[in-house]
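Engineer: Using only what follows, build the 3D model:
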Amino acid sequence: MVFFIILYLKTGFLQTSSIDTRDLSKWEYENEIIKGAEGFTLQDSNETCWYLIHGYTSTPDEMKELAEKINNEFNETVVVTRLNGHSMVPSKVLNLSLDDWYEQVDFELVELSKNCNKINIVGFSFGGTLATRLAEEKEFNHIYLIAPYFITTYHFYYGFTAETHLNLFSSILHYSKKTKTGEINSPEGLEHHIAYWNMPFSPVKNSKEFLKETLSKVDIITEPLLVQHSKKDFVSDVKSSIIIINKTSSLKKQLILYEKSNHILPEDYDKDEVIKNIIEFEKNLRN
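Structural biologist: Residues are numbered from 1 along each chain as shown. Below you'll find the predicted structure:
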């Protein structure tokens, strides 16, 4: 009995219809979008444009400071997309997966390329997964990955691997009731983070083939590449970034690891270093 009570309190067990309840009570919405969580563009020079992709269950807001610093430093157009279903309520992503979001970002990049001579891509977490697949399929100027998600960090109390959990239990548990909006160690960063309070399992489960296929083809990437990851990432195992940096064919590539932050590097203790390293890497390539 205690076991089922815990499941009820911490997951969507027997509560499929309540998946949106917590988010609706926490956030203020306008036209179905959480206020402050829209996608946005900082318009400037189109000689080089930047395309930024946020993470799963999160919003474009987590990329805002990075976008503004890039725009101020280079006076170049920065586009921060909003992945379909995000910045809304969790039920909006239930039937989606990385395959669907890839179609979206692929289309948006085609449109962006009509006005931009070169494009730099920046992806965080699931956005890093999408950026990696895009880099395998398209030509970019430079590639920046932040905590790309391919391998889930293992925790001993799971008893099984995360993939096994998803395969066995996702259709029963449906979603997790997060105790905080995101894995951020910085209290200040966590306070300002906008994301779902309930995390649906099915989009992750339905993305497993996309993840496997993308990771298997990273050797075809040749563009300059900067990857940044925290050793204490609770969500995406740092092995994801190590595999990428070891297997890509880029002649210019660098992996930077952090000690203080958790998964959401753009809003955690090391965010200033993350931003500075992207800007410095870009400057060095242009010299």
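
Engineer: can you list the weak-confidence ranges in the stretch 51-200 of the chain?
Structural biologist: Scanning the stretch 51-200 of the chain for pLDDT under 70 picks out 155-162, 165.

Engineer: give me that answer again for 80
Structural biologist: 154-169 (pLDDT under 80).

Engineer: For it, which segments count as strands?
Structural biologist: 76-80, 118-124, 143-146, 175-177, 198-200 (DSSP state E, counting those that start in this stretch).

Engineer: Identify whichever of those strands lies nearest to Val2.
Structural biologist: Closest to Val2 of the strands of the stretch 51-200 of the chain, according to C-beta to C-beta: strand 175-177, at 17.2 Å. All C-beta spots, glycine's among them, are computed from the backbone N, C-alpha and C.

Engineer: helices or strands next to that closest one in the packing?
Structural biologist: For strand 175-177, the contact count by 3 or more C-beta pairs under 8 Å, 6 or more residues apart in numbering; DSSP states H and E identifies helix 2-10, strand 198-200 as packing neighbours.

Engineer: Ranking the ones you listed by mean neighbour count, which comes first?
Structural biologist: Most buried of these, by mean neighbour count (mean count of other C-beta atoms under 10 Å): strand 198-200, with a mean of 22.

Engineer: chain center to that strand: distance?
Structural biologist: 15 Å (C-alpha atoms, centre = their mean, to the nearest Å).

Engineer: before we move on, the earlier item: got the strands of the stretch 51-200 of the chain as CSV, with distance to Thr152 columns?
Structural biologist: Formatted as CSV, the strands of the stretch 51-200 of the chain follow (distance: least, C-beta to C-beta, whole Å):
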stretch, distance to Thr152
strand 76-80, 25
strand 118-124, 16
strand 143-146, 17
strand 175-177, 13
strand 198-200, 13
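
Engineer: winner for burial among the ones you listed?
Structural biologist: strand 143-146 (a mean of 28).

Engineer: Mind giving me the packing neighbours of that strand?
Structural biologist: Counting contacts by 3+ C-beta pairs under 8 Å, 6+ apart, strand 143-146 packs against strand 118-124, helix 126-137, strand 225-230, helix 271-286.
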